[in-house]
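# Sequence isn't available, so here's the structure alone:
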């Protein structure tokens with residue numbers, strides 16, 4: 001193990017330097033790890049053939065053990081192969097395997113903001129689901145930037161992932177020209193290219209309407225809406241759900257009660273401040289995301305308002321973060337793990 005005296009930033013540079021040092025063997029006191037003590041000739045590459053020879057089995061049997069099939073292997077024979085693999089330090093050549101099978105057993109995930117708790121939880125759920133199916137997950141972040149989105153998508157395609165899972169930015173351009181025909185792509189959360197690609201989204205309209213109906217059932221008639229960016233279909237659908245619930249209850253969906261902001265804590269904070277500054281402020285707020293609601297809670301606390309006694313807040317998402325605010329948020333919860341299984 002090598003310990004570097006690196007500052008926290010830039011960690012990527014530290015990792016790349018360590019890789020270069022390992023490749024060139026120029027680190028002070030570095031010696032290539034010796035296999036001789038384990039009875040392995042370090043001059044000979046450890047391959048599937050040498051493992052088979054060490055275990056006294058055929059290369060086909062080694063393949064069956066590594067791939068858990070397709071043919072069964074006796075427990076005693078399996079143990080011999082695994083012991084030989086451990087003793088020789090054998091690592092399967094995944095690149096060669098991918099060339100033979102034309103599958104890399106990797107999936108690419110592209111999200112707009114990996115620091116957003118919703119996308120972090122979604123990535124974890126997708127990674128768990130992929131792992132259960134024998135796949136690794138590569139994640140990239142577009143940082144809500146359309147050009148970076150295309151660049152990251154091209155990088156994932158260049159790594160020959162077996163499939164792509166994409167949460168779009170607000171960009172309206174099609175991704176069709178960027179994705180090979182034999183690479184499946186599924187849109188998540190924001191179905192901007194739904195006529196071209198398969199998509200899995202929540203019922204944003206119905207969920208938002210249910211959240212606002214909950215507030216109406218508690219006697220609130222003037223309900224503000226912290227909506228998301230207008231170029232995102234999910235944000236527009238949630239705003240429409242807010243308006244539909246008010247209309248169904250014969251209440252006014254007043255435009256002055258709608259403030260659109262990024263799906264962020266800061267966005268929710270400033271939008272809530274604007275709502276609270278109205279001459280006739282709302283008695284309840286529907287926030288289109290948990291992060292916006294967290295910012296709204298701060299604005300309410302700073303204004304000296306008690307929740308829910310003075311003002312009620314309901315949000316859309318239901319991430320773990322919503323359970324640890326004070327008070328805990330009332331939420332319309334998306335079933336992230338159910339979405340990941342689809």
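That came through, no problem. All of these numbers come straight from a predicted model, not from anything done at the bench.
# Could you list the single helix or strand in this protein with the lowest mean pLDDT?
Scoring the helices and strands of the chain by mean pLDDT, DSSP states H and E places helix 11-24 at the bottom, with a mean of 51.
# Where do the helices of the stretch 101-250 of the chain begin and end?
117-132, 146-158, 204-217, 233-248 (DSSP state H, counting those that start in this stretch).
# Make TSV from those and add distance to residue 167 and mean neighbour count to it.
C-beta coordinates here come from the backbone N, C-alpha and C atoms, glycine included. TSV is the format used below for these (distance: least, CB to CB, whole Å; neighbours: other CB atoms under 10 Å):
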stretch	distance to residue 167	mean neighbour count
helix 117-132	7	18
helix 146-158	10	16
helix 204-217	13	20
helix 233-248	10	21
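# The residue nearest to residue 336 when sequence neighbours are not counted and residue 254: what is the separation?
With sequence-adjacent residues excluded and distances taken as CB to CB, 6 or more residues apart in numbering, residue 336 is closest to residue 125, at 4.9 Å. To residue 254, residue 125 is 37 Å away according to CB to CB, to the nearest Å.
# got it, and residue 219?
In terms of CB to CB, residue 219 sits 18 Å off from residue 254.
# likewise residue 135?
From residue 135 across to residue 254, the span is 48 Å (CB to CB).
# Could you pull up the contacting residues of the residue nearest to residue 336?
Neighbour list for residue 125: 336-337, 339-340 [criterion: CB atoms under 8 Å, 6 or more residues apart in numbering].
# Got a quick ChimeraX command for the buried subset of these?
Filtering the contacts of residue 125 down to the buried ones (16 or more other CB atoms under 10 Å) takes a single ChimeraX command:
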select :336,339,340
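# Determine which two of the contacts of residue 125 are furthest apart.
Farthest pair in the contacts of residue 125 (CB to CB) is 337 and 339. Separation: 7.2 Å.
# if I've got this straight, residue 60 is in a helix?
Yes - counting by DSSP: H, G, I helix; E, B strand; the rest coil, residue 60 falls inside a helix.
# That one: how many residues sit nearby?
Residue 60: 12 surrounding residues under other CB atoms under 10 Å.
# got the contact list for stretch 245-262?
144, 208-213, 216, 221-230, 235, 239, 242-243, 267-268, 270-271, 274-275, 278, 282, 292.
# same thing but 6 Å
209, 212-213, 216, 221, 224-227, 230, 243, 267, 271, 274, 282 (CB atoms under 6 Å, 6 or more residues apart in numbering).
# Not counting its neighbours along the chain, what's nearest residue 85?
residue 51 (5.8 Å).
# ditto for residue 287
Counting by CB to CB, 6+ apart, residue 287 lies nearest to residue 293, which is 3.8 Å off, once chain neighbours are set aside.
# Within the helices and strands, which one has the residue nearest to residue 85?
Element membership of residue 51, judged by DSSP states H and E, is helix 48-55.
# Next, the buried residues of that helix.
For helix 48-55, a neighbour-count test (16+ other CB under 10 Å) marks 48, 50-52, 54-55 as buried.
# Check which helices and strands it sits against.
With contacts taken as 3 or more CB pairs under 6 Å, 6 or more residues apart in numbering; DSSP states H and E, helix 48-55 sits against helix 59-67, helix 75-88.
# Just the buried positions in the last one, please.
When you say that, I think you mean helix 75-88. 77-78, 80-81, 84-85, 87-88.
# Give me the residue at the spatial middle of the chain.
residue 123 (2.6 Å; CA atoms, centre = their mean).
# So the residue nearest to that one when sequence neighbours are not counted versus residue 338, what's the distance?
Leaving aside its chain neighbours, residue 123 sits nearest to residue 139 (5.6 Å; criterion: CB to CB, 6+ apart). Residue 139 is 20 Å from residue 338, where distance means CB to CB.
# Tell me which of these two has more neighbours.
Ranked by neighbour count (other CB under 10 Å), residue 139 and residue 338 place residue 139 first, with 18 against 11.
# so the more buried one bridges to which residues?
residue 109 (DSSP bridges).
# how much space between it and residue 51?
Residue 139 sits 33 Å away from residue 51, going by CB to CB.
# swap in residue 330?
Residue 330 is 58 Å from residue 51, by CB to CB.
# do the same with residue 296
60 Å.
# now swap in residue 127 and tell me
The value you get for residue 127 to residue 51, if CB to CB is used, is 30 Å.
# and what of residue 117?
For residue 117 relative to residue 51 (CB to CB), the value is 44 Å.
# What of residue 254?
72 Å.
# okay but residue 108 is in contact with residue 162, surely?
No - between residue 108 and residue 162 there is no contact under CB atoms under 6 Å: 8.7 Å.
# And the two? Which one has more around it.
residue 108 (24 against 17).
# OK, contacts around that one?
Each residue near residue 108 by CB under 6 Å, 6+ apart is listed here: 138, 156, 161, 164.
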